[in-house]
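Visitor: Fold the following, please.
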Amino acid sequence: MNSIRTLVLATAAAAACGRSDVPAAARDSASPALVATAAASTDSVRAKVPLVPRPDTLRGLYVNRWAALGDRMWKLIDVAKRTEVNALVIDVKDDRGFVLYRSRVPLAREIGADTTMPMRADRVRAVLDTMRAHGIYPIARIVVVKDPLLASKKLEWSIKRRAAPDSAWLDKNGKPWLDANQPGVWDYAADLADEAVALGFSAVQFDYVRFPDEKRLVSEATFPLAKGRVRAQVIRDQLGRLRQRVATAGVPMTIDVFGLTMSDTTDMGIGQRWEMFVDRADVVLPMTYPSHYAPGSYGIARPNAHPYEVISHALADAKRRTAGISGAARIVPWYQDFTLGPPHYGVEQVRAQIRAGHDAGFDEWLLWNPGSRYTVDAFAVTSSDSLR
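Guide: As a prediction, this is how the structure comes out:
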């Protein structure tokens, strides 16, 4: 399927990190007429477009699909034009399995992944062209293993129940997951990455490169393709294979990982162990959210109330464990710009995380807010977007 790049293209762990509101613009885009227009416009999009160079010091924001489909997309581009923000991470395939735009990837079309409120081809082009004109680095976020749509449409690729091997294992929300052992799961992600790069995305970011984080998985599920490998080895092998695929697209491959992987010496049951994945990508993005650390972590009674200290400890562990590993990835931490328990996160808390990263030697960062609503006053203002 590598030939997909030559085709003409149209186009963590907590519940708080999964919510988003659907704007009216996104709902309107679901009309049959617009879906048909998007499909018909596919062949008019250029196969190759110039890519935005990577910023010297990357600072980015997450853009969920609803924000990308609505007016907020342009507001976030404006934020990047006038502040230190210089990158936007846009949902190309989210954790429901929905692809942002009408796709030429055969499997996406087969399962209807690109038919739920797809972004019109002309809008895709307008967004990416505008970002390129202002030097804003576009990153395609592609969720890999958490894809209930594909898992339900292609049952043979789903995690199976030990007690009933012909049926899918379901998570606490009643949703099936893909089996990370299945090579086709990763091939699908690579094909979507190829397509995104051909459209003009300058990097690809793979999320949910792991097994489900539910302890009962051990007793309830079966993994016949593991062939004796521990989960961390499975993830290492699949990331290595995925990296070979993405390398042909000529853009950086980045991966999201649990923030706890920097300090926990096990794979936490999800297959993510720091030393086994840090050399399997160009950039590793640990989700270093203070709200996700248990009371007592690093000797801090309320980690969420001490963002500077949590980030400092976590990044110190990452530096120590990465030292001496040949080919280790660049580390760009995710910080939180959302409130999950007290205190309310605002300018002080966001700046504290950024300052902690700077003091630890990490000036690059990404900010996560599930609704893509950010504390803009926390960002340094640039005098002109011509400075990029």
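Visitor: helix/strand/coil for the spatially most distant residue from the centre of the chain?
Guide: Within the chain, A163 marks the point farthest from the mean C-alpha position, 32.8 Å out by CA atoms, centre = their mean. Secondary structure, DSSP: H, G, I helix; E, B strand; the rest coil: A163 is coil.
Visitor: measure the residue nearest to I300 when sequence neighbours are not counted to S158 for me?
Guide: Excluding the flanking residues, the one nearest I300 by CB to CB, 6 or more residues apart in numbering is H306, at 5.2 Å. Where you see a C-beta, it was placed from the backbone N, CA and C, and this is true even at glycine. Computed with CB to CB, to the nearest Å, the distance linking H306 and S158 is 40 Å.
Visitor: Of the two, give the one with the bigger neighbour count.
Guide: S158 (24 against 20; other CB atoms under 10 Å).
Visitor: does that one really touch P176, like I thought?
Guide: Yes - at 4.7 Å, S158 and P176 qualify as touching, with contact defined as CB atoms under 8 Å.
Visitor: what is in contact with those two at once?
Guide: Counting by CB atoms under 8 Å, 6 or more residues apart in numbering, the contacts common to S158 and P176 are A151, S152, A168, W169.
Visitor: so of these, which ones are in helices?
Guide: Using DSSP state H, the members of these that fall within helices are A151, S152.
Visitor: can you give me the end-to-end distance of stretch 58-73?
Guide: End-to-end distance of stretch 58-73 (CA to CA, to the nearest Å): 19 Å.
Visitor: That one: how far from the chain's middle?
Guide: Taking CA atoms, centre = their mean, to the nearest Å, one finds stretch 58-73 lying 12 Å from the centre of the chain it belongs to.
Visitor: For that stretch, buried residues please.
Guide: Within stretch 58-73, the residues that count as buried by 16 or more other CB atoms under 10 Å are 58-70, 72-73.
Visitor: ok, back up a step: for G346, see how far away the residue nearest to I300 is.
Guide: Applying CB to CB to H306 and G346 gives a distance of 15 Å.
Visitor: where along this protein do the helices fall?
Guide: Using DSSP H, helices in the chain cover 24-28, 32-41, 65-69, 72-82, 106-111, 121-133, 148-153, 183-199, 217-220, 231-247, 274-277, 307-322, 347-359.
Visitor: nearest to D282, of the buried residues of stretch 58-73?
Guide: L58 (12.0 Å; CB to CB).
Visitor: Make sure the closest one is actually in contact with Y137.
Guide: Yes - contact criterion CB under 8 Å: L58 and Y137 qualify, at 6.7 Å.
Visitor: list residues touching both of the two?
Guide: Joint contacts of L58 and Y137 (CB under 8 Å, 6+ apart) are N86, A87.
Visitor: Now D337. Its backbone dihedrals?
Guide: Main-chain dihedrals, D337, degrees, to the nearest 10: phi -130, psi 50.
Visitor: Can you report how many residues lie near it?
Guide: By the measure other CB under 10 Å, the count of residues near D337 is 24.
Visitor: Now for it: which residues touch it?
Guide: Neighbours of D337 in contact, by CB under 8 Å, 6+ apart: Y345, V350, L367, W368, N369, Y374, T375, A378.
Visitor: Between all of those, which two are at the greatest distance?
Guide: Longest span within those, CB to CB: W368 and A378, 13.4 Å.
Visitor: give the contact list for the nearest residue to V197 once chain neighbours are set aside.
Guide: Closest residue to V197 apart from its sequence neighbours, by CB to CB, 6+ apart: A249 at 4.4 Å. For A249, the contact set (CB under 8 Å, 6+ apart) comprises R5, A193, D194, V197, V204.
Visitor: Distance of A249 relative to D194?
Guide: Between A249 and D194 the computed distance is 6 Å (CB to CB).
Visitor: thinking again about what came up before, ok, for the residue farthest from the centre of the chain, nearest residue in space, not its chain neighbours?
Guide: Spatial nearest neighbour of A163, chain neighbours left out: E220 (7.4 Å); criterion: CB to CB, 6+ apart.
Visitor: on that earlier part again, now the buried members of the shared contacts of S158 and P176.
Guide: A151, A168, W169.
Visitor: Show me which of the residues you listed is closest to S297.
Guide: So of the buried ones among the shared contacts of S158 and P176, ranked by how close each gets to S297 (CB to CB), first place is W169, at 29.8 Å.
Visitor: Contacts only, for that closest one.
Guide: Contacts of W169 by CB under 8 Å, 6+ apart are S158, I159, K160, R161, P176, W177, L217, E220, A221.
Visitor: Could you let me know which of those residues ends up closest to L128?
Guide: Distances from L128 to the contacts of W169, taken by CB to CB, are shortest for W177, at 30.9 Å.
Visitor: how about the closest one, what does it touch?
Guide: Here W177 is in contact with V145, K146, D147, P148, A151, S158, I159, W169, D171, F211, P212 (CB under 8 Å, 6+ apart).
Visitor: W334 versus that one, what's the distance?
Guide: 22 Å.
Visitor: now swap in R141 and tell me
Guide: R141 is 12 Å from W334, by CB to CB.
Visitor: Which one of those two is surrounded by more residues?
Guide: R141 (26 against 23).
Visitor: pretty sure that one contacts V92?
Guide: Yes - contact criterion CB under 8 Å: R141 and V92 qualify, at 6.1 Å.
Visitor: what's the overlap in contacts for these two?
Guide: Residues touching both R141 and V92 (CB under 8 Å, 6+ apart): none.
Visitor: Could you dump the helices of the chain into a markdown table with mean pLDDT and distance to L51 added?
Guide: Formatted as a markdown table, these follow (pLDDT from 0 to 100; distance: least, CB to CB, whole Å):
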| stretch | mean pLDDT | distance to L51 |
| --- | --- | --- |
| helix 24-28 | 38 | 27 |
| helix 32-41 | 38 | 22 |
| helix 65-69 | 97 | 19 |
| helix 72-82 | 98 | 17 |
| helix 106-111 | 98 | 22 |
| helix 121-133 | 98 | 8 |
| helix 148-153 | 98 | 28 |
| helix 183-199 | 98 | 8 |
| helix 217-220 | 96 | 39 |
| helix 231-247 | 97 | 14 |
| helix 274-277 | 98 | 26 |
| helix 307-322 | 98 | 28 |
| helix 347-359 | 98 | 26 |
